[in-house]
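Q: Attaching a predicted model along with its sequence, questions to come.
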Amino acid sequence: MSLPSTVARDVRAFGTWPSTATEQATAHSAADAGDLQVHLAATTVLMKCPHPLSAIEVAVVLETCGYSPGRVRATGAADLMELARAVYALVPVYAQGQSTAEDIADEPGSPEGHARLALEAARSFCKGLLFSAPLLVSLSTMLVAGVSFWSSKVELGSIASSVTMSACLALIFTGPFIQAFGRRASFYLGLGDNGMLAYLTKRVLGTGMIVAFAACFAAYFIRTAAGGPPAANRLGLATGLAIAALQLGLAPFYLRNAMIPMMVIVGGAGAVLAWHATHLGAYIDPVNLAVWQVRLVASMAGLTWVVDGWWLLRSPEARHRSGAERRLWKPSGAAVARAVAPYGAFGLAYFCLVSLPQLISGGAWLGRYGFNPQFSLASGMALVGLLPVAGFGAVAADRITRHVLPATLKHERIGSVGRARAVLRRHWRAQLLWAAVAAAGAAAAVDVILPAVAHSWLVASGMAASPGLLYACSAGFFFFSIATFASQLLFGLSSPGRAVASAVGGAAVLLVCSGALSLSGATSLGAAAAAGFAAGSAVFAVLAVAAGDRAFSDVDFTCYRAL
Amino acid sequence: MLPGTLSRRRLRAPRAAKAGLSWARRDHPATLTPKRGLRLYATAAAVAMLVSVVYLTAWPSPAPARPLPAGLSRLHSGLLVADPLDQSVTLGQLKDQYVLDGSAGPKLGWASESTAGLAVGIKAHHGWAGWFASTIHAAGPAVAWHVVISPTALHLGTKGSGLAVFAVQTATTQKSGVINYIVVAADSRSGSYRWLIGYAHGLVAGASTKVLWTSKWQPVPGNSTLLASQAVTVVTDGAHSLSVWFGTDRIFSSERLVLKMPAPFQAYLEVQSSAPAYHARFNDFWVADDAPLVIRGLPEGSRVALTGSTAGLSAAATAKSAAAPEGAATLRLPVPELVGTATVKVIAAGSVTRLVNVPYAGGDVLNWAKPG
């Protein structure tokens, strides 16, 4: 007879047994007796209560499991207490017998446990890199050809200002809709409800497109009315439109984990861009290049929308459902809005944190905006630090919901909520540690290794950033990475409220800190933006990690029981 | 048909109720066949977005449209930039075509365009500083660069000097770091001025200038604020050849220079000053191919004459050509008059056809559709 490994794990993990020598002797004799009924009773008890504290507790469990006096007598025991003592004596035997290599490896303290967690982290890290494919491709083309999808080292002030402003606005205003869509659409995707998927796509992504365009149009109108360059402002508006469309178009790719198609589209566009940039001849016309970039991004976005409509937003579950099953209750718009509001709020605060510093560095607090190349360069280089951890977090969160939670539910179902929470907490802390290591490694690479190894090359490529700004931005992205990771895990636990509070707190600190520094004139605008970003991200990280620790220490399994 | 928006559902519900449909049918709207609707929606949204982006990214051309009289069509345009600089435009509109920058910085440097021309100036300051409007687009090497410069006078007793500069500079600085350029400038000092031509070599910042030609110092006439305007045309290959015209007079030409100026080039309309406030006006800026005008589609044996009428070809000058057997005539134009408006006279089989107000530029290829 075999005991479920989870029970054995619990039994071993809690391994302090109040067994005396007499009891041990009794236990062995009882086990040796080979009484099947007693063993069945022991299994039953351990399924419900893996670490009984005494024979009395075992008796209580036996009674609740339907061991009536008649059934007790059928086991050969005189009464319930005798059976309970026999069962209690068997507990250590089961624990020793079921200590498998797997269980040992799962122990956090053992070298094998560390190795397995490290392997998991490495796998998540590599898989997570795919999540950052658009940014990775963009960075690669920047390093190879000096031009990315929406920036280049060929800088024309008027174009750079309008393009970066619109790009920031597009990111900020699509963020809430992407988060909201991701949350809700995954639900209907799982249910196989294509109708609701279509409804959500039109309503959420469509509204996101309209809101982002409206924000970019407002910026265009204000800048043009203030005497700004009309053609450059139109280009900025087009940039906002294209980037918003791309952001929203890629949302279903993340939803469906369609990383390969995404890589094909983004990588293909990156290759075309690099080819174009390297064949422009001796002079790179900034207007020609910017127009080319925006049209390329728009083409990518158009392609993603077509792929979404024709493929990704059709639930594979739908064909497995009968017509009647597919007639799902359609919630009201208000109900959907309420359900996704926290995710929208998180998206807004999150993208404010990552995008607002650009606007602040350009003088947003002073009522104007002009592209700040020093800050942009430092921020862009430091962004490298975010890439691995952002993807890592997404994969880790996915793993929590798909694997770790179901596994811990086994513990929970047999009555060991504390044990289940301990496993979850241990998993969370280990993942957090690896995330911090990855983020710190990336930040060190950006701050120390990259300049040391490739300083002359970076200077020659026009990418020498101001060290102070670079360090501040790196610190900011380090914290931001950790916060992103913690937030994703909080979402994995369906605790969006805590993530929202953390992100909003961080955004508030960013605004206060950068506003004070900008308006007081104590620092340059770039330094104010970098300091605000670092402070805001630090607060975001601290709050998110604290919230994560609380959430993982106090998981409510109620909603997962139905899974 | 896509099922369902809430509003549609509200509209549909009473109709469904009338039709006697079940509760389930009414309140669980079909989510059965959304595919076509979503596909159409996504595809239409993608197309609309792409069209919008293409429309919004259309950049105003640096060369205006040049409508031709009936019977003529343009197969190729040799006009790369044409800006008469005689309109009132906002600073923003100016920035769509020119980069405004310089060592003076935006607090000291300024530029504005009105009906009088493009004024580029610098406020009073200490030390040598400059401010310029440079073309965003680059061209060359086989092109002619032209502008009319009206420098400011610095009267007697004014300390320091000012330069009104027309420079043709390599556009490869971002890749090579080289800032080599050709300079044609009016050098104004206390009560006098002179014109000079030179070239400069430099890397990243700071260049040393070699003067190739200078005019004599001339006194500033009377109390005039602006000095006499000078139409300047420059042609260079960036390697060894440089020719400069003042008006229609070629005042400097050499084929043996060592310019080290990789093509393409950009034009700089610039002022520099050692201290005093200084500005200059620029008009009639154009860049055109240094190539002949070609007219095709002519009857064999016909003759073509291009007679200047407005800004371009001077009234006395006439370019003539006999059409080649293929019906193409090649007209070599004087470099300073590569751009303008003229009358084209085609003489074929004893009949004369006149096409008036024909805008032309060096390198243009026009096609003449025979009447009838």
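A: In hand now; what should we look at? Numbers count the residues shown, from 1 in each chain, chains lettered A, B, ... in the order given.
Q: so how far is chain A from residue B:50?
A: 5 Å (Cβ to the nearest Cβ, to the nearest Å). Using the backbone N, CA and C atoms, a C-beta is placed for each residue, glycine as well.
Q: Looking at the strand or helix carrying that residue now, give me its mean pLDDT.
A: Taking DSSP states H and E as the definition, one finds residue B:50 inside helix B:35-56. Averaging pLDDT along helix B:35-56 gives 88.
Q: That one: which residues count as buried?
A: B:35, B:37-39, B:41-42, B:45-46, B:49-50, B:52-53, B:56 (16 or more other Cβ atoms under 10 Å in any protein chain shown).
Q: Downstream of it, the next helix or strand is which one?
A: strand B:72-76.
Q: The closest residue to chain A within the stretch 101-250 of chain B: neighbouring residues, count only.
A: In the stretch 101-250 of chain B, the residue that lies nearest chain A is residue B:171 (4.1 Å; Cβ to the nearest Cβ). Neighbour count of residue B:171, defined by other Cβ atoms under 10 Å in any protein chain shown: 27.
Q: Go ahead and confirm it touches residue B:267.
A: No. The pair residue B:171 and residue B:267 does not pass the contact test of Cβ atoms under 8 Å, sitting 9.9 Å apart.
Q: Shouldn't residue B:357 be within a strand?
A: Yes. Assigned with DSSP: H, G, I helix; E, B strand; the rest coil, residue B:357 falls within a strand.
Q: tally of neighbours for it?
A: Neighbour number of residue B:357 under other Cβ under 10 Å is 13.
Q: got it, and residue A:508?
A: Residue A:508 - counted by other Cβ under 10 Å - has 16 other residues nearby.
Q: and the residue most central in space within chain B, what is it in contact with?
A: What sits nearest the mean C-alpha location of chain B, by Cα atoms, centre = their mean, is residue B:81, with 2.5 Å. Counting by Cβ atoms under 8 Å, 6 or more residues apart in numbering or on different chains, residue B:81 touches B:62, B:63, B:135, B:137, B:139, B:267, B:285, B:286, B:287.
Q: one step back: check the spacing between the residue of the stretch 101-250 of chain B closest to chain A and residue B:81 real quick.
A: When distance is defined by Cβ to Cβ, to the nearest Å, residue B:171 is 13 Å away from residue B:81.
Q: Excluding sequence neighbours, find me the nearest residue to residue B:211.
A: Distances taken as Cβ to Cβ, 6 or more residues apart in numbering or on different chains place residue B:198 nearest to residue B:211, at 4.3 Å, with adjacent residues excluded.
Q: For residue A:132, which non-adjacent residue is closest in space?
A: Counting by Cβ to Cβ, 6+ apart, residue A:387 is the residue found nearest to residue A:132 once chain neighbours are left out, at 4.3 Å.
Q: scratch that, residue B:112
A: Once flanking residues are discounted, residue B:112 sits nearest to residue B:119: 5.3 Å by Cβ to Cβ, 6+ apart.
Q: Provide the secondary structure category for the one you found.
A: Following three-state DSSP, residue B:119 is assigned to strand.
Q: Was I right to think it contacts residue B:281?
A: Yes. Assessed by Cβ under 8 Å, residue B:119 is found in contact with residue B:281 at 5.3 Å.
Q: what bridges to residue B:101?
A: Residues in a beta bridge with residue B:101, per DSSP bridges, are residue B:132.
Q: quick one, what contacts it?
A: A:157, B:109, B:131, B:132, B:134.
Q: That one and residue B:85, how far apart?
A: 18 Å.
Q: what does residue A:236 give?
A: Residue A:236 is 26 Å from residue B:85, by Cβ to Cβ.
Q: Look at the two and report which has more neighbours.
A: residue A:236 (31 against 22).
Q: Nearest to residue A:298 among the buried residues of helix B:35-56?
A: residue B:53 (3.9 Å; Cβ to Cβ).
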